[in-house]
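Visitor: Pasting the sequence and the predicted coordinates here, then a few questions.
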Amino acid sequence: MEIEKKDIRALSKEKLRDFFVANGDKAFRGNQVYEWLWSKGARNFEDMTNVSKDTRSMLEKHFVINHIKVDKMQQSEDGTVKNAVRLHDGLLVESVLIPTETRTTACVSSQVGCSLDCNFCATARLKRMRNLNPDEIYDQVVEIDRESRLYHNRPLSNIVFMGMGEPLMNYPNVMKAIEKITSDEGLGMSPKRITVSTSGIPKMIKKLADDEVRFKLAVSLHSAIEATRNRIMPFTTNFPLTELRESLEYWYVKTKSRVTYEYVVWGGINDDKASIDALVKFCKYVPCKVNLIEYNPIDDGEFQQASDESINAYIKALERADIVAKVRRSRGKDIDAACGQLANKEE
């Protein structure tokens with residue numbers, strides 16, 4: 001009977017060492033293979049050139065490396081790169097490389113589809129198929145780092161969890177992936193260069209604070225008026241603004257790290273004075289900055305781009321209140337690669 005092969009990257013370094021000892025080899029061989037899997041990014045056992053052929057054959061017999069494959073890559077005129085990523089079970093997610101003059105940012109996915117129901121988001125129209133494993137998240141970053149070096153002559157500088165899925169609904173795997181990304185045995189990136197973006201799940205924001213994470217937190221707010229927020233993101237009826245505010249105050253007390261509010265302005269939905277005033281008030285609860293996001297429409301429905309005048313009204317009101325605000329323009333418009341509004345579709 002054929003052995004069911006396990007994904008070798010699900011094993012810790014200690015488990016790998018134990019495997020080799022149990023199979024009559026030296027424990028250090030586990031360290032060697034672990035390095036190949038993570039810091040050297042081996043896609044198959046044949047890549048492990050300083051491991052004997054017999055050892056590689058044994059690994060092939062017992063394990064697989066479920067590495068992602070870039071099914072389709074698109075490059076935008078502005079340098080943005082979108083990857084349609086094929087997972088080992090055939091499912092697709094997307095990741096995006098976003099360059100500026102000074103940095104390159106990886107926008108990565110954490111779930112296939114999404115558990116939530118934000119009405120403006122293409123991903124929310126897809127049911128959540130499953131959570132991504134830590135290695136599948138890690139692989140997206142490795143691939144975008146490669147593309148950054150290839151197309152922009154510099155290594156990846158930042159990572160945002162703003163692709164498909166709600167990261168805090170895949171908490172253990174996201175945390176394990178970040179641990180690998182920041183480890184010297186992985187990519188060695190500073191946690192300060194990583195931002196996890198959530199739609200606002202108070203219990204999980206408090207857990208982040210209790211776990212004393214060192215990465216940055218962003219919250220997709222989109223409205224500080226309860227009824228408008230619930231219209232935009234119906235699931236937030238379970239997570240009222242009072243609870244979100246309390247969790248963010250808790251976060252700041254524990255971490256001393258300011259929050260970023262991601263805020264899309266839509267015409268006829270949240271582009272009025274009441275919405276602006278409510279946001280300014282909400283921003284005073286904890287130290288924060290605001291990213292006002294230019295919307296990338298996914299159809300001709302109710303969610304459409306707001307006017308420049310509306311965006312400017314927000315900027316002026318926030319700046320008057322001494323709140324740092326900037327406009328984040330949609331990138332990769334010619335390839336439909338607006339981060340956080342990704343659709344899992346084959347074209």
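Guide: Perfect, I can see it now.
Visitor: ok, now which ones touch the residue nearest to P287 when sequence neighbours are not counted?
Guide: Nearest non-adjacent residue to P287, counting by Cβ to Cβ, 6 or more residues apart in numbering: R258, 4.1 Å away. From N, CA and C alone the C-beta is placed, and that goes for glycine too. Contacts of R258 were listed using Cβ atoms under 8 Å, 6 or more residues apart in numbering, and they are Y252, V286, P287, C288, K289.
Visitor: Tabulate those in a markdown table, adding columns for pLDDT and distance to M48.
Guide: Shown next, in a markdown table, are those (pLDDT from 0 to 100; distance: Cβ to Cβ, whole Å):
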| residue | pLDDT | distance to M48 |
| --- | --- | --- |
| Y252 | 98 | 45 |
| V286 | 97 | 48 |
| P287 | 98 | 47 |
| C288 | 98 | 46 |
| K289 | 97 | 45 |
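Visitor: neighbour-wise, which of the residues you listed leads?
Guide: Compared across the contacts of R258, C288 has the highest neighbour count, 22 neighbours, by other Cβ atoms under 10 Å.
Visitor: how many neighbours does the closest residue to that residue other than its chain neighbours have?
Guide: Ranked by Cβ to Cβ, 6+ apart and with sequence neighbours excluded, the top spatial neighbour of C288 is V259, at 4.6 Å. Applying other Cβ under 10 Å, we find 22 residues neighbouring V259.
Visitor: what's the answer for S148, then?
Guide: Neighbour count of S148, defined by other Cβ under 10 Å: 22.
Visitor: can you pull out the helices in the chain?
Guide: Applying DSSP state H to the chain gives helices spanning 13-22, 28-37, 53-62, 134-152, 171-182, 202-210, 226-232, 241-255, 273-283, 308-320.
Visitor: So what's the residue count around the nearest residue to L292 once chain neighbours are set aside?
Guide: Nearest residue to L292, sequence neighbours excluded (Cβ to Cβ, 6+ apart): V327, at 4.9 Å. By the criterion of other Cβ under 10 Å, V327 has 15 neighbours.
Visitor: just checking, V327 touches D308?
Guide: No. Contact criterion Cβ atoms under 8 Å: V327 and D308 do not qualify, at 9.3 Å.
Visitor: residues contacting P240?
Guide: E226.
Visitor: Give the buried residues for stretch 58-74.
Guide: For stretch 58-74, a neighbour-count test (16 or more other Cβ atoms under 10 Å) marks M58, L59, F63, V64, I65, N66, H67, I68, V70, Q74 as buried.
Visitor: mind listing what the nearest residue to the second one once chain neighbours are set aside touches?
Guide: With Cβ to Cβ, 6+ apart as the measure, F45 is the residue that lies nearest to L59, at 4.8 Å, once sequence neighbours are left out. Listed by Cβ under 8 Å, 6+ apart, the contact set of F45 reads V51, R56, L59, E60, F63, I65.
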